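Here is my input, please return the structure:
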Amino acid sequence: MDYDVATNTIRPLSIRTDTWIRYFRPCADRNCVWNESSSTFLAEGRWYATNQVLPDGERVIIVGGLNVFSYEFIPKSRDDEGAYDLPFLHDTREPHVKGGNNLYPFVHLSSDGNLFIFANRDSILFDYRRGTVLGPSPSPRRRLRNYPSTGSSVMLPLEHSDNFQRVEVMVCGGAATGAFQATLNGDFYQGLSSCGRMVITGDDPRWEMEDMPGPRLMSDMLLLPTGDVLLINGATHGCAGWEKAINPVLAPYLYKPKDPQGRRFSILRASEIPRMYHSTALLLADGRVLVGGSNPYFRYNFSGYPYATELRLEAFTPHYMGEYYDELRPTEVTVKSVRGDDVLKYGELFTVGFQLDRRGTTSAPDVEIVASAASFVTHSLSMHQRMLRLECVTVEVTVEGPLMALVRVPTSPVTAPTGYYMLTVLSGGIPSKSKWVRFVH
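Numbering: from 1, shown residues only. Presented below is the predicted three-dimensional model:
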């Protein structure tokens with residue numbers, strides 16, 4: 001369905017087959033529909049696979065799947081192109097666990113164009129262009145992190161100050177060893193409280209470990225415009241799957257990556273709705289987080305106890321989007337390329353206009369411009385999630401009227417694959433509502 005957040009209305013979208021290969025191009029008049037491919041097919045069926053948009057924005061790599069140990073590309077580069085075996089997926093599968101503890105692997109596009117792939121306990125750097133594993137990475141405490149032992153992962157924001165070269169990945173939560181088998185006997189092991197951070201572009205990558213305020217599994221990890229990380233949804237015991245978890249985590253955690261270790265986590269206001277298996281969360285352009293889902297049953301069960309199938313949506317509002325900060329918030333944001341539109345070419349300069357309460361001063365404000373990629377979210381995994389702090393070359397300050405920031409688009413699609421991004425202005429750490437832009441060649 002097509003959901004209009006502003007009006008809280010839905011528009012059904014028809015599909016004729018399973019959702020394997022289908023294209024949807026957003027439109028302003030809400031008349032757009034799914035376009036089903038009649039010529040592009042997957043080489044192998046892929047339940048619980050991970051997608052990652054590649055730098056040209058036209059191709060996607062699809063990694064793994066249930067009893068599938070390969071990767072492939074969509075669209076195909078030639079008619080006879082099939083799937084490519086990835087031994088790493090064989091090596092990380094646990095055959096005694098349904099799902100193998102390596103489904104929905106975490107996949108992040110690094111600044112050198114290679115892929116960081118994390119499955120089960122282990123990770124590799126992978127050159128998908130040559131089909132070559134460049135090297136293994138250490139494991140964060142040898143704990144289970146992937147479906148059905150579902151943890152979550154983000155790539156922390158990329159910075160223009162180092163030309164977007166330093167890439168740091170974070171992995172949090174997951175299930176205890178043996179958790180899936182224990183649920184078959186009605187036992188629910190406590191999940192993991194640990195998180196690991198690793199600079200994957202470093203000379204000697206190592207995990208820096210720390211603990212969350214409590215155990216979490218099946219949580220969504222979202223990058224907020226401030227650069228902080230939100231962990232929301234999930235449970236404390238069990239694993240992912242039908243009726244395989246108990247004890248919902250109702251309170252989100254906020255993680256501040258730049259704070260000293262030991263003071264990075266805080267606990268936020270709790271929801272009243274359990275969000276268990278098949279829950280999801282997505283950052284909206286208005287600064288809120290859309291939260292929905294929870295169906296831990298094989299079929300819909302609206303009377304299920306204690307966790308009924310949930311059709312209600314919620315909007316989680318970060319503190320900085322509250323009315324208290326409205327006087328500090330950049331408003332009336334406009335984006336213009338040198339051609340006068342919102343289509344931005346790599347390496348070029350563009351202008352961002354915005355209003356800000358200057359209170360009579362003409363001193364330069366503390367302004368940041370960030371771009372957040374449009375991600376695809378399912379099963380506690382935000383595929384293609386990435387955020388960039390862009391170079392703000394100058395800010396033109398006047399006593400009255402809008403402020404004008406001159407901003408540079410990243411020079412390479414490896415840094416920012418072609419496609420749509422939410423562009424946000426921050427002043428003193430307080431974000432505006434976002435504008436959609438498009439990065440292109």
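
contacting residues around Leu115?
Counting by Cβ atoms under 8 Å, 6 or more residues apart in numbering, Leu115 touches 52, 61, 107-109, 125-128. (C-beta placed from N, C-alpha, C; glycine too.)

and with 10 Å instead?
When contacts are counted by Cβ atoms under 10 Å, 6 or more residues apart in numbering, Leu115 touches 52, 54, 61, 63, 71, 105, 107-109, 124-129, 134.

What's the PyMOL line that selects buried ones from those?
Here is the PyMOL selection string for the buried members of those, based on 16 or more other Cβ atoms under 10 Å:
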select buried, resi 52+54+61+63+71+105+107+108+109+124+125+126+128
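
From the contacts of Leu115, which land in strands?
Among the contacts of Leu115, DSSP state E puts 52, 61, 63, 71, 107-109, 124-127, 134 in strands.

and which of the residues you listed is nearest Ala43?
Tyr71 (9.9 Å; Cβ to Cβ).

didn't Phe106 look like it was pressed against Gly196?
No: shown here, Phe106 and Gly196 do not form a contact pair, counting by Cβ atoms under 10 Å, at 11.4 Å.

Flag every buried residue along stretch 254-261.
Those would be 254-255, for stretch 254-261 by 16+ other Cβ under 10 Å.

which residues touch that stretch?
Contacts of stretch 254-261 with the rest of the structure, by Cβ under 10 Å, 6+ apart, involve 154, 156-157, 168, 170, 172, 195, 197, 208-210, 212, 221, 223-224, 226-232, 263-268, 318-319.

Tell me which two in the contacts of Leu115 are the farthest apart.
Pro105 and Arg129 (18.6 Å).

How is this structure divided into domains?
Domain assignment of the chain by automatic domain parsing yields the ranges 2-321, 325-440.

From the contact counts, what lies against the least confident helix or strand in the chain by mean pLDDT?
One helix or strand of the chain scores below all others by mean pLDDT, DSSP states H and E: strand 22-23, with a mean of 80. Here strand 22-23 touches strand 35-36, going by 3 or more Cβ pairs under 10 Å, 6 or more residues apart in numbering; DSSP states H and E.

neighbouring strands for the strand it packs on, and are they parallel or not?
Under the criterion DSSP bridges, strand 35-36 sits next to strand 22-23 (antiparallel) in its sheet.

what are the ranges of the helices in the stretch 151-300 of the chain?
Counting by DSSP state H, counting those that start in this stretch, the stretch 151-300 of the chain has helices at residues 179-183.

Show me the shaky parts of it.
Regions of the stretch 151-300 of the chain meeting the criterion pLDDT under 70 are absent.

so where do the strands sit in the stretch 1-150 of the chain?
2-4, 9-11, 22-23, 35-36, 50-53, 60-63, 70-74, 84-85, 106-109, 115-119, 122-127, 132-137 (DSSP state E, counting those that start in this stretch).

Buried residues of stretch 207-214, list them for me.
By 16+ other Cβ under 10 Å, the buried positions in stretch 207-214 come out as 207, 210, 212, 214.

From start to finish, how long is it in a straight line?
20 Å (Cα to Cα, to the nearest Å).

I would like the residues contacting it, please.
123, 137-141, 168-173, 190-199, 219, 231, 236, 247, 249, 251, 253, 255, 261-262, 264-267.

ok, of the residues you listed, which come out buried?
So, by 16+ other Cβ under 10 Å, the buried ones in the contacts of stretch 207-214 are 123, 137, 139-140, 168-173, 191-199, 219, 231, 236, 247, 249, 253, 255, 264-265.

can I assume Met72 is in contact with Val60?
For residue 72 the amino acid is Glu, not Met. Yes: under the criterion of Cβ under 10 Å, Glu72 makes contact with Val60 at 9.5 Å.

Looking only at neighbour counts, state which of those two leads.
Glu72 (20 against 17; other Cβ atoms under 10 Å).

ok, the nearest residue to Thr9 once chain neighbours are set aside - contacts?
Spatial nearest neighbour of Thr9, excluding adjacent residues (Cβ to Cβ, 6 or more residues apart in numbering): Tyr3 at 7.7 Å. Residues counted as contacts of Tyr3 (Cβ under 10 Å, 6+ apart) are 9-11, 290, 292, 313.

Name whatever forms a beta bridge with Tyr3.
Beta-bridge partners, per DSSP bridges, of Tyr3: Ile10.
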